[in-house]
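Q: What follows is a predicted structure for the sequence shown.
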Amino acid sequence: MAPTRIGLAGLAVMGQNLALNVAEKDFPISVYNWTTSKVDETIERAKLERNLPVYGFHDPASFVNSVQKPRVIIMLVKAGSPVDQTIATLSAYMEKGDCIMDGGNE
């Protein structure tokens, strides 16, 4: 798999739908969620919806490394400590110039 241009962490309703929408516009996207069943569910939906270019990862290192540099990762996780935990987890594998965008709305 070639590196994707964008990553998305957080696959609840908003995250899953945004990932599929991005892929529907022919932008391959990498996805990650703490709950790995959400990753699998998103990949299944992508296959059913015209075999969209969505690539799922169960561990943060593989997820971050699947995105081309400089990395752009959208984060859609619940407000509060999950935001801090996700930033800390992903940042451990990111480099100078990479970007995490918090798209949460709480």
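A: Ah, there it is.

Q: So for stretch 19-26, mean pLDDT?
A: Mean per-residue pLDDT for stretch 19-26: 96.

Q: The residue nearest to the spatial centre of the chain: what secondary structure?
A: The residue lying closest to the centre of the chain (CA atoms, centre = their mean) is Leu8, at 2.0 Å. Secondary structure, DSSP: H, G, I helix; E, B strand; the rest coil: Leu8 is strand.

Q: residue contacts, it?
A: Contact partners of Leu8, counting by CB atoms under 8 Å, 6 or more residues apart in numbering, are Gly15, Leu18, Ala19, Val22, Ile29, Ser30, Val31, Tyr32, Ile73, Ile74, Met75, Leu76. All C-beta spots, glycine's among them, are computed from the backbone N, C-alpha and C.

Q: Relative to Lys47, how far out is it?
A: Look at Leu8 and Lys47: by CB to CB, to the nearest Å, they are 17 Å apart.

Q: same deal with Trp34?
A: 22 Å.

Q: Likewise for Thr4?
A: Applying CB to CB, the value for Thr4 to Lys47 is 17 Å.
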